[in-house]
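Undergrad: This is a predicted model, with the sequence first.
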2 protein chains.
Amino acid sequence: MAAFTSHQTQTHFLSKLPTTNKPTRTKPIVTRVRMSYQESGPSLAVVGVTGAVGQEFLSVLSDRDFPYRSIKMLASKRSAGKELSFEDRTYTIEELTENSFDGVDIALFSAGGSISNKFGPIAADRGTVVVDNSSAFRMVENVPLVIPEVNPEAMSGIKLGTGKGALIANPNCSTIICLMAATPLHRRAKVTRMVVSTYQAASGAGAAAMEELELQTREVLEGKPPTCNIFNQQYAFNLFSHNAPILSNGYNEEEMKLVKETRKIWNNNNVRVTATCIRVPVMRAHAESVNLQFENPIDEETAKDILSKAPGVVVIDDRASNHFPTPLEVSNKDDVAVGRIRRDVSQDGNYGLDIFVCGDQIRKGAALNAVQIAEMLL
Amino acid sequence: MAAFTSHQTQTHFLSKLPTTNKPTRTKPIVTRVRMSYQESGPSLAVVGVTGAVGQEFLSVLSDRDFPYRSIKMLASKRSAGKELSFEDRTYTIEELTENSFDGVDIALFSAGGSISNKFGPIAADRGTVVVDNSSAFRMVENVPLVIPEVNPEAMSGIKLGTGKGALIANPNCSTIICLMAATPLHRRAKVTRMVVSTYQAASGAGAAAMEELELQTREVLEGKPPTCNIFNQQYAFNLFSHNAPILSNGYNEEEMKLVKETRKIWNNNNVRVTATCIRVPVMRAHAESVNLQFENPIDEETAKDILSKAPGVVVIDDRASNHFPTPLEVSNKDDVAVGRIRRDVSQDGNYGLDIFVCGDQIRKGAALNAVQIAEMLL
């Protein structure tokens, strides 16, 4: 899995934790033939390469044998000059500047909203197609907000090799994971309302948050007060409302992303969504409890069948052995897992379903989805 | 807090973990005058005294200065003969038998459903009022299912000193915590539908589960495979669907308790409830994300006002500082905390609210509620 090592950062510190149960794969894994990166493919840039998602970009590019003829490793001035090994080569991390994008075909951004706001348009102006993981452009009109399995058509106007750059936004992790499971059901029976409660991992707040969760856990087990640098309270053996700012309607920004991004991705302003976003002491995969109301009837067996055939989705729903999706099982995995698929007893007939979804926040929730968007450009 | 010590058990092993933020108390704490336990009060029995809830029964009895003239410490044969200190006295734990209840006025049971099923009716036949924490009698007709702040009228026919025994059931922890917050709103605007997602602590599976979570966490941090005795999978840094058996409708028993107990407690078979119950790596307090639909309009400010005045409820809802209820803050506390009170944007007008509730599973979710029921008998 670790296709790269960095001499300077060590963010995958817990990725080697034992994963006791492996998810059941119901669909075959496609093995790709590796193309030489020196001969073909676009020139790439990774912006924010030292971060948790930046590193995962590299991991996913390698895992998926993404073709490229060159790759620029970009980060802040602080990291510039440091060396980074990737696919048997050593790269020197470069400082992100206005001139970083000359000759770059595709740039994968994950360096926070303010960096994206400043450098995304600059890159696009110079002919680069930017796939941005921040929230900067998600709700901007004419910027496609894309989950490749859900709405690939949204980016149909964007092509490589035309000299014309563009911005494409990667949805928020919670939205991606939710809609990977909800969309196949929506296509069949049309979702009218969705009530989502999330169980979000530390990774969504970055590598430092994962480190703080581990540090705090050690401290609490030793009877020491927990170090609170990233979060303002104890996270170990605790959970709390997502730390995103609260808006005037009482929702936090994370929750309103689910509300608004769902409408944009489904191109449907009538779908009603509410969400409660909670941070739980889990490392790198999110879980979501999703209650669905439909315009048309859809029974439990049909839902299971549809989901088991949906690309990027794996059904884990073994009632007899009480085996359902868990964050640990989907960690470092591409597929979003869905289970607890059942008719909602609080709704009439077959107009409601409850499901439980888990997905790797760094992978499908961020880096994988962005790389899949880039693949669609090839 | 620790009014007792046991030479044999050590279940409060993590109760001394630092609680960094104390909940804001909006209501005054009533200080009671201690009555001598030798002079007045009923004779008590605690069944399952060595368990997590059994020990909490003693802690709550002491904290609340519950009057009693005698107290029997009952447990299985395995624990019989062991000594236990409580309120400056040393007790010898007695084996639970059919003859344990002679002269006992009130018995607090928390020893599992099969013990309750066998010994509850025996005790009631001998004139004891049984307050049972198991699920054995909750849905039995004519057995009151009581949350003192919610439906005290359900047990109005039961009196001490009449020579007539009775069974009273303590609701499931998730139901108690949910309804402590939902009921004051239901009284004002009538809840028609409720969508609940839980974040349940280890304590709900007993003291051994809490110990396993701690052990597993240490093991995972040391890079060792986690010990899985109580649960069949890794719990540390993970979460999973509640381990209760799955019923034919796809819900697990824990979820259907919320559905059915709500109807019985509210004496309303029309209320529609769905629930998804998830176990999270937290020690002893549950959290619940609750989406409410109402028959009559109720705005956010009215809801906050009602909840801030509700007995046994504390509102923690500071949007500016992002301070809301957490399991850690309510651990070892009596009050259920509610926050994230906001108008549901997925519903029209003021007919919907989202709230987030936290309550100590062992205390209000079990022992405190049972002792409050016993107090109503005095």
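TA: Nice, thanks for sending it over.
Undergrad: can you tell me which helix in chain A is longest?
TA: helix A:173-189 (DSSP state H).
Undergrad: If you count neighbours, what's buried in it?
TA: Under the neighbour-count criterion of 16 or more other Cβ atoms under 10 Å in any protein chain shown, helix A:173-189 has A:173-186, A:188-189 buried. For glycine as for every other residue, the C-beta is placed from the backbone atoms N, C-alpha and C.
Undergrad: Check the burial of the spatially closest residue to residue A:173 that is not a sequence neighbour by counting its neighbours.
TA: Closest residue to residue A:173 apart from its sequence neighbours, by Cβ to Cβ, 6 or more residues apart in numbering or on different chains: residue A:365 at 3.0 Å. Residues contacting residue A:365 under the criterion other Cβ atoms under 10 Å in any protein chain shown number 30.
Undergrad: got it, and residue A:80?
TA: Quick note: residue A:80 (other Cβ under 10 Å) scores 15 neighbours.
Undergrad: cool, and residue A:128?
TA: Counted with other Cβ under 10 Å, the neighbours of residue A:128 add up to 28.
Undergrad: Would you quantify the distance from it to residue A:145?
TA: Applying Cβ to Cβ, to the nearest Å, the value for residue A:128 to residue A:145 is 19 Å.
Undergrad: Check which residues of stretch A:268-287 are buried.
TA: A:271-287.
Undergrad: which bits of the stretch 251-378 of chain A sit near chain B?
TA: Neighbours of chain B within the stretch 251-378 of chain A, by Cβ under 8 Å from any Cβ of the partner chain: A:251-252, A:259, A:272-274, A:276, A:278, A:280-283, A:287, A:289, A:291, A:300, A:319-320, A:322, A:324, A:326-328, A:339-347, A:352, A:354, A:356.
Undergrad: all helices for the stretch 201-350 of chain A, in order.
TA: A:207-221, A:253-266, A:300-309, A:327-330 (DSSP state H, counting those that start in this stretch).
Undergrad: need those in a markdown table with mean pLDDT and mean neighbour count, can you?
TA: Output for these, formatted as a markdown table (pLDDT from 0 to 100; neighbours: other Cβ atoms under 10 Å in any protein chain shown):
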| stretch | mean pLDDT | mean neighbour count |
| --- | --- | --- |
| helix A:207-221 | 97 | 20 |
| helix A:253-266 | 98 | 21 |
| helix A:300-309 | 98 | 17 |
| helix A:327-330 | 98 | 26 |
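Undergrad: can the ones you listed go into CSV with extra columns for distance to residue B:264?
TA: Listed next are these as CSV, based on distance: least, Cβ to Cβ, whole Å:
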stretch, distance to residue B:264
helix A:207-221, 39
helix A:253-266, 33
helix A:300-309, 26
helix A:327-330, 34
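Undergrad: So for residue B:63, which of those helices sits nearest?
TA: In terms of Cβ to Cβ, the element of the helices of the stretch 201-350 of chain A nearest to residue B:63 is helix A:207-221, at 24.8 Å.
Undergrad: In the stretch 251-378 of chain A, what residue comes closest to chain B?
TA: Using Cβ to the nearest Cβ, residue A:342 is the residue of the stretch 251-378 of chain A that sits closest to chain B, at 2.9 Å.
Undergrad: right, and that residue touches residue B:251 too?
TA: Yes - counting by Cβ atoms under 8 Å, residue A:342 does reach residue B:251; the two are 6.3 Å apart.
Undergrad: and chain A, what are its domains?
TA: Chain A breaks down into these domains under automatic domain parsing: A:39-171+A:365-377, A:174-361.
Undergrad: Distance from the first one to the middle of the chain?
TA: By that I understand domain A:39-171+A:365-377. 14 Å (Cα atoms, centre = their mean, to the nearest Å).
Undergrad: Likewise for stretch A:259-272?
TA: That offset, for stretch A:259-272, works out to 18 Å (Cα atoms, centre = their mean).
Undergrad: For that stretch, give me every contacting residue.
TA: A:138-139, A:145-147, A:150-151, A:154, A:171-172, A:175, A:178-179, A:183, A:186, A:191-194, A:251, A:273-275, B:345-347 (Cβ atoms under 8 Å, 6 or more residues apart in numbering or on different chains).
Undergrad: how about residue A:198, secondary structure?
TA: strand (DSSP: H, G, I helix; E, B strand; the rest coil).
Undergrad: so what's it bridging to?
TA: residue A:277, residue A:288 (DSSP bridges).
Undergrad: can you count the residues close to it?
TA: With other Cβ under 10 Å as criterion, residue A:198 counts 28.
Undergrad: Help me confirm that residue A:108 is found in a strand?
TA: Yes - counting by three-state DSSP, residue A:108 is found in a strand.
Undergrad: So it sits against residue A:49, correct?
TA: No - Residue A:108 lies out of contact with residue A:49 (Cβ under 8 Å); the separation is 9.1 Å.
Undergrad: Can you work out which residues contact both of the two?
TA: residue A:57.
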